[in-house]
Every structure is written in structure tokens, then in C-alpha cells.
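Enquirer: Return atomic coordinates for the entry below.
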Amino acid sequence: MGTAEIETVLEDGAQASLGEDEKRTVAKFVDKIVEAGIDGVGPLESARNIAEQHRLQHADVEVAIDRLIATHTRLVAATGFATGLGGVFALPVTIPTDAAVLYTLSARCVAAVAHLRGYDIESDEVRSVVLLTLLGAGGAAVAAEAGVQLGSKAALAALQRVPGRVLIEINKKVGFRLFTKFGTKGVVNLGKMVPLVGGGVGAGINAAAMRSAGKYSKRNFPKA
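Expert: The predicted structure follows:
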């Protein structure tokens, strides 16, 4: 059984073991990740602002994109960053703060790449692709289930034809897979209403995850 198949099994098990309240908590967490990453929150600048800052520094958009990814890679690798933003992401979910910050910064990085390549990051379809991108290769598999081929210019047009309820289900599925990546037994404990706590996933792991998000952002949001 391959990694993608194992993750699917874990995800199915996770959903089956959760009650309706816990499922809503997962959906809320995913919404917060995308909202905070794209629109900004507290001291965290929006994807649009950070993208424009890099555009001003580099005339070549592709150079700006590479520098943007490098900047975010350094951020998630920096120790103490998660602790500094812990209060911002204090949602009632027992997932490490480090993971929440990693996903939020990854979403911002991906959305900023999309903005620099001319995509409307306010649209629901683009935001769904941002979320799918956080899964790397797994995101393409989830999109394929809905008949959407990520990495093509037609992907967003295809998503626009997907019924809203299906788009919501896609986002939920991505959310569960993000959770299983950090769950020690395939699913994190969503039942305890406690604030997020320091996770210490590790600078190297965080940096690798961000580089992957950057790589797939360029693939999933091709040049216009």
C-alpha cells in the first residue's frame, strides 16, 4: 500500500470516528487557516501585501516568486516564531501551534504565488486550490476525484462548474488529511477543548514542507 493510499485509509478512519461537532471543528479550522493565510490576521500580513512587497524588490515575477518561497521557508524554520503567534491561532483544537502556523504561512505563500501569477485570490475556486496545494501530490488526487486536473489552466474553470456543496466537501477532505499528517495515530484528538500548544515539529521538517508547498504552488497556478 502506497503513502497516498495509507493517508486515505487514515482519513476515512478519522472521519468515521468523529462526531458532528468535531467535524464542524475541523471545517472551522480549515476555514481559519485559509482566511488567516490569505487575508492576514494580527501581525501576519496578507498574501497580497507580501506578494507586492516581493514584486517591488524584483522586477522579474518568477524571481520574486522564488524569493517569496525562500522567505517563507526561513520563517517556518525559525524557532520561536510559532510561540510568538500562538495567541493568534488559539482555536479549540488540540493540534500543535507549530502545525497551525506552518499551514497558515504555507497558505499565504501559495496564495501569494497565485497573486503574482495573476490569479484572483478572493475567488472560492482559487482558495480551494490553495488548500489543495498544501497536500502536495495528495491534493491532485483529491481534485481528480471531483474531475479536476490540477496544474492546468483549465483547472479553475473546471472548479467553477463544480457544485458549491462538492467544493465544500473537497475542502473538508483536505482538512482531514492535513489533520492526519500531524496526528500520532492517524487523527488528532479533537474532543478536548484546549488552546493550541507548542508542537516543535522541527525546523527541517517545516522547511521541507514549505518548499513542497512552494513547488506545488508554481505547478498548480501555471503562468497565464
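Enquirer: C-alpha only now, for contacts and for neighbours.
Expert: Fine.
Enquirer: May I have the secondary structure class of the residue of the chain most remote from its centre?
Expert: Distance from the C-alpha centroid of the chain peaks at residue 59, with 27.3 Å (CA atoms, centre = their mean). What DSSP: H, G, I helix; E, B strand; the rest coil gives for residue 59 is coil.
Enquirer: measure it to residue 121 for me?
Expert: Distance, residue 59 to residue 121, using CA to CA, to the nearest Å: 21 Å.
Enquirer: what does residue 65 give?
Expert: Residue 65 is 15 Å from residue 121, by CA to CA.
Enquirer: When the two are compared, which one has more neighbours?
Expert: Of the pair residue 65 and residue 121, residue 65 is the one with more neighbours under other CA atoms under 10 Å, namely 26 against 22.
Enquirer: For the helix or strand hosting the more buried one, which residues meet the burial criterion?
Expert: Take DSSP states H and E as the rule and residue 65 turns out to sit in helix 61-77. Judged by neighbour count using 16 or more other CA atoms under 10 Å, the buried positions of helix 61-77 are 61-62, 64-65, 67-70, 72-73, 75-77.
Enquirer: Same check on stretch 120-132?
Expert: Applying a neighbour-count criterion of 16+ other CA under 10 Å, the buried positions in stretch 120-132 are 121, 124, 125, 126, 127, 128, 129, 130, 131, 132.
Enquirer: Pull that stretch out as PDB, backbone CA atoms only.
Expert: Taking only C-alpha atoms (Å, rounded to 0.1, in the frame of the first residue of the first chain), the coordinates of stretch 120-132 have been written out as PDB:
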ATOM      1  CA  ASP A 120      -7.900  36.200  -8.200                       C
ATOM      2  CA  ILE A 121      -7.200  35.000  -4.600                       C
ATOM      3  CA  GLU A 122     -10.600  36.300  -3.500                       C
ATOM      4  CA  SER A 123     -12.400  33.700  -5.500                       C
ATOM      5  CA  ASP A 124     -13.600  30.500  -3.800                       C
ATOM      6  CA  GLU A 125     -12.100  28.300  -6.600                       C
ATOM      7  CA  VAL A 126      -8.600  29.800  -6.100                       C
ATOM      8  CA  ARG A 127      -8.900  29.400  -2.400                       C
ATOM      9  CA  SER A 128      -9.800  25.800  -2.800                       C
ATOM     10  CA  VAL A 129      -6.700  25.200  -5.000                       C
ATOM     11  CA  VAL A 130      -4.600  27.000  -2.300                       C
ATOM     12  CA  LEU A 131      -5.900  24.500   0.200                       C
ATOM     13  CA  LEU A 132      -5.300  21.500  -2.100                       C
END
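Enquirer: now what about that stretch, what contacts it?
Expert: Stretch 120-132 is touched from outside by 34, 38, 107, 110-111, 114-115, 119, 138-140, 142-143, 156, 159-160, 167, 170-171, 174, 217, 220, with contacts defined as CA atoms under 8 Å, 6 or more residues apart in numbering.
Enquirer: Stretch 32-46 too?
Expert: The set of residues that contact stretch 32-46 without belonging to it, under CA under 8 Å, 6+ apart, is 47-48, 88, 100, 103-109, 111-112, 121, 127, 130-131.
Enquirer: What's the end-to-end length of it?
Expert: Distance between the two ends of stretch 32-46: 13 Å, counting by CA to CA.
Enquirer: Return the distance of that stretch from the chain's centre.
Expert: Computed by CA atoms, centre = their mean, to the nearest Å, the separation of stretch 32-46 from the middle of its chain amounts to 12 Å.
Enquirer: what's the answer for stretch 61-68, then?
Expert: Distance of stretch 61-68 from its chain centroid, counting by CA atoms, centre = their mean, is 19 Å.
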